[in-house]
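Enquirer: Got a predicted model here, sequence first, then my questions.
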2 protein chains.
Amino acid sequence: MTYGCGILVREGLVMIGDTRTNAGLDNISTFRKLHIFEKPGERVMMIATAGNLSVTQNVMSHVTEGLENPETREIETLANAPSMFAAVQLIGRAVRKVRDTYGDALQSSQLDFDVALLFGGQIANQALQLFMVYAAGNFIEATDDTPYLQIGEHKYGKPVLDRAVSYQTDLYDVLKLGLISLDSTMRSNLSVGLPIDVALLRRDALTLDVDHRIDNVDSYFHDLRDRWSIALRQAHQNIPRPPYGRQKPGA
Amino acid sequence: MTYGCGILVREGLVMIGDTRTNAGLDNISTFRKLHIFEKPGERVMMIATAGNLSVTQNVMSHVTEGLENPETREIETLANAPSMFAAVQLIGRAVRKVRDTYGDALQSSQLDFDVALLFGGQIANQALQLFMVYAAGNFIEATDDTPYLQIGEHKYGKPVLDRAVSYQTDLYDVLKLGLISLDSTMRSNLSVGLPIDVALLRRDALTLDVDHRIDNVDSYFHDLRDRWSIALRQAHQNIPRPPYGRQKPGA
């Protein structure tokens, strides 16, 4: 399993992914699932992956080595795609190509063709965008109404994003909330685990502010977890006591 | 879908269940899923149900009308079960009886035998206990280490319980946290919805403090949701800014 999220707000984009992969509970490894492509001043792109590792690694290889664009007949890569929209279509083609190659054989082995990707970033003089690509290569884009997208084990980490993140939220507050969302997930699902890769891109900066791996001795992350738990305990104590009693007489 | 939780702490027990049932997204109804059996001063028992409504209603009928105890040969009901342990075993037998009757036919209709129940309460001069009963009629019991149990759509509502509930938490704070857990779930899963039934039983009181239905005009519940969201926003703002930067030079 995996948990990854991307949050696109007024000031910029935060992307976070864990690194745990597992084949069963007794075969756990660490693989980077947040991939960064950066030509400072020209383009910054990030991809977070979830799903079968052989599939997602294959997709990543196709988008870096290049696939023919069926319209222009040119070999397209993330490095030369003319727009984020062209780049996400390229990722979609890569997903379908891997599906065409391995889908039937995976199915024969009782394995679903299981992949989801977040793709975010900006090319100079264009918009900062965030997409989610599904297993059919189709995709959606984050908007002001719903500024975040999630892949993998998304449920545990969703409530904090729903309640606290809006398009206006400060970018470093977004990073904190993303880390809390990750932590909520790790507490409940053993197949999501440290280290965590985090990246933060300011709108129009065209170079990353943050490109960091959080490991299990990261003191800031430990402090954040503790402060959050303490804050939650204080928060509910400050809410008035429920006025509820009995609506019906006892039997 | 359903969300129900039971939280057993030093001072007592809180149980909460929603009331939404659905067969598809376009066939939604309201059914009580938190059932209360109370003989004040003698016993208070509560059952929260999740899963196929025809199954859970059938189980409820068996435990109120009675099933033969295979050891004593007497007809046992929740009202005459000599202990909470005997009562939860009775519920387990009812689950297996319904399974024996309908399990194969449900399977022929591509329906799983899908049921989970929370069972909590106290009989005079005995311990206050909380159990979760599974689809095979087997069950587990909550302990000081993990004072809460959940049924149905449990993931969205779990992080707040994990971080804020302990065995020492004040009983009315537990009720607030249970409501927040329910609200987190309702925000993300349309198949969990108002009204919500809540019950609160103080240890050794042998009569309910709270037996209340929260509907969509409940002003306390609206206020609780707002206060919680505001508190979460303040909580992350009070955490220091992440000190992270770039660990690797740009490409």
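Expert: Received, thanks. Residues are numbered from 1 along each chain as shown, chains lettered A, B, ... in the order given.
Enquirer: pLDDT score for A:Asn238?
Expert: pLDDT recorded at A:Asn238 is 90.
Enquirer: Skipping adjacent residues, who's closest to A:His154 in space?
Expert: The shortest distance from A:His154 to any non-neighbouring residue, by C-beta to C-beta, 6 or more residues apart in numbering or on different chains, is to A:Tyr3 (6.8 Å). Glycine gets a C-beta too; all of them are placed from N, C-alpha and C.
Enquirer: Make sure the one you found is actually in contact with A:Leu194.
Expert: No - judged on C-beta atoms under 8 Å, A:Tyr3 makes no contact with A:Leu194 at a distance of 11.7 Å.
Enquirer: Could you check which of these two is surrounded by more residues?
Expert: A:Tyr3 (29 against 18; other C-beta atoms under 10 Å in any protein chain shown).
Enquirer: separation between A:Met151 and A:Thr49?
Expert: To be clear, residue A:151 is Ile; Met isn't right here. Noted for A:Ile151: a distance of 8 Å to A:Thr49, by C-beta to C-beta, to the nearest Å.
Enquirer: Quick check: neighbours shared by these two?
Expert: A:Thr2, A:Gly4, A:Ala116, A:Leu117 (C-beta atoms under 8 Å, 6 or more residues apart in numbering or on different chains).
Enquirer: tell me the SS of the third one?
Expert: Reducing the assignment to helix, strand or coil with DSSP: H, G, I helix; E, B strand; the rest coil, the entry for A:Ala116 is strand.
Enquirer: How many residues are close by it?
Expert: Look at A:Ala116: counted by other C-beta under 10 Å, it has 21 neighbours.
Enquirer: Equivalent analysis for the second one, please.
Expert: Counted with other C-beta under 10 Å, the neighbours of A:Gly4 add up to 31.
Enquirer: same deal with the last one?
Expert: Each residue near A:Leu117 was counted by other C-beta under 10 Å, and the total is 29.
Enquirer: looking at it, it is touching A:Thr56, isn't it?
Expert: Yes - using C-beta under 8 Å, A:Leu117 is in contact with A:Thr56, at 7.2 Å.
Enquirer: and for those two, which residues touch both?
Expert: Shared contacts of A:Leu117 and A:Thr56, defined by C-beta under 8 Å, 6+ apart, comprise A:Thr49, A:Ala50.
Enquirer: who touches both of A:Tyr3 and A:Leu194?
Expert: A:Asp18, A:Met186.
Enquirer: Tell me the buried residues in stretch A:24-42?
Expert: Neighbour counts over stretch A:24-42 (16 or more other C-beta atoms under 10 Å in any protein chain shown) mark A:Lys33, A:Leu34, A:His35, A:Ile36, A:Phe37, A:Glu38 as buried.
Enquirer: Which ones among those residues map onto strands?
Expert: A:Leu34, A:His35, A:Ile36, A:Phe37, A:Glu38 (DSSP state E).
Enquirer: From A:Pro195, how far off is the first one?
Expert: It stands for A:Leu34. Going from A:Leu34 to A:Pro195 by C-beta to C-beta gives 10 Å.
Enquirer: Can you pick out the residue with more neighbours from A:Ile151 and A:Thr49?
Expert: Ranked by neighbour count (other C-beta under 10 Å), A:Ile151 and A:Thr49 place A:Thr49 first, with 27 against 23.
Enquirer: so how far is chain B from A:Ile239?
Expert: 5 Å (C-beta to the nearest C-beta, to the nearest Å).
Enquirer: what sits against that residue?
Expert: By C-beta under 8 Å, 6+ apart, the contact list for A:Ile239 reads B:Lys176, B:Leu224, B:Arg227, B:Trp228, B:Ala231.
Enquirer: quick one: which helix or strand includes it?
Expert: Under the criterion DSSP states H and E, no helix or strand holds A:Ile239.
Enquirer: Grab the nearest non-local neighbour of it.
Expert: In space, A:Ile239 is closest to B:Arg227, 5.1 Å off (C-beta to C-beta, 6+ apart).
Enquirer: Would you confirm that that neighbour contacts A:Gln234?
Expert: No - with contact defined as C-beta under 8 Å, B:Arg227 does not reach A:Gln234; the gap is 12.0 Å.
Enquirer: Need the residues touching each of the two.
Expert: Taking C-beta under 8 Å, 6+ apart as the contact criterion, no residue touches both B:Arg227 and A:Gln234.
Enquirer: More neighbours: those two, which one.
Expert: When B:Arg227 and A:Gln234 are compared for neighbours, B:Arg227 comes out ahead with 17 against 13, by other C-beta under 10 Å.
Enquirer: In the helix or strand the more buried one falls within, which residues are buried?
Expert: For B:Arg227, the host element (DSSP H and E) is helix B:219-237. For helix B:219-237, a neighbour-count test (16+ other C-beta under 10 Å) marks B:Tyr220, B:Phe221, B:Leu224, B:Arg225, B:Arg227, B:Trp228, B:Ser229, B:Ala231, B:Leu232, B:Arg233, B:Ala235, B:His236 as buried.
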